[in-house]
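Enquirer: structure here, sequence nowhere to be found:
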């Protein structure tokens, strides 16, 4: 029983503080082009430390996003939770929306983003574009 309690506490506290580090994450597109995003700020909405309140202010190029773990709400199964494996953000544009999805990896050896996808969907003109960036490297510390 003590082991189960310890694991539950470890997972809860680990998930609450599993945010992205400030700095620039870099990777490569499928065409071997350099791609990156810059984390500018980590915070918790209403100063309440919970993964649903975790917010990351960042930039992809000159586009600002505030991303969060997407909520999971399932009326049928009475579930109110979050997807800890993703951060997502979306911005309105004059012709549609731009979205950012960051895929996270969680293991004992590594914690952090592995890839991101920037989607521009101009639904008023049915134009769709996506940039995918893989093999992300964490910011270096000086």
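Expert: Cool, the structure landed. Keep in mind that what you see is a predicted model, and the values were worked out from it rather than measured. Residues are numbered from 1 along each chain as shown.

Enquirer: against residue 64, how distant is the residue nearest to residue 124 when sequence neighbours are not counted?
Expert: For residue 124, ignoring the flanking residues on the chain, the nearest one in space by C-beta to C-beta, 6 or more residues apart in numbering is residue 95 at 4.7 Å. (C-beta placed from N, C-alpha, C; glycine too.) Noted for residue 95: a distance of 18 Å to residue 64, by C-beta to C-beta, to the nearest Å.

Enquirer: do residue 46 as well
Expert: The gap separating residue 46 from residue 64 is 21 Å, by C-beta to C-beta.

Enquirer: neighbour count: those two, which is higher?
Expert: Legend: neighbour count by other C-beta atoms under 10 Å for residue 46 and residue 64, higher for residue 64 (12 against 8).

Enquirer: pLDDT at the more buried one, what is it?
Expert: pLDDT for residue 64: 98.

Enquirer: quick check on it: phi, psi?
Expert: phi -90, psi 140 (degrees, to the nearest 10).
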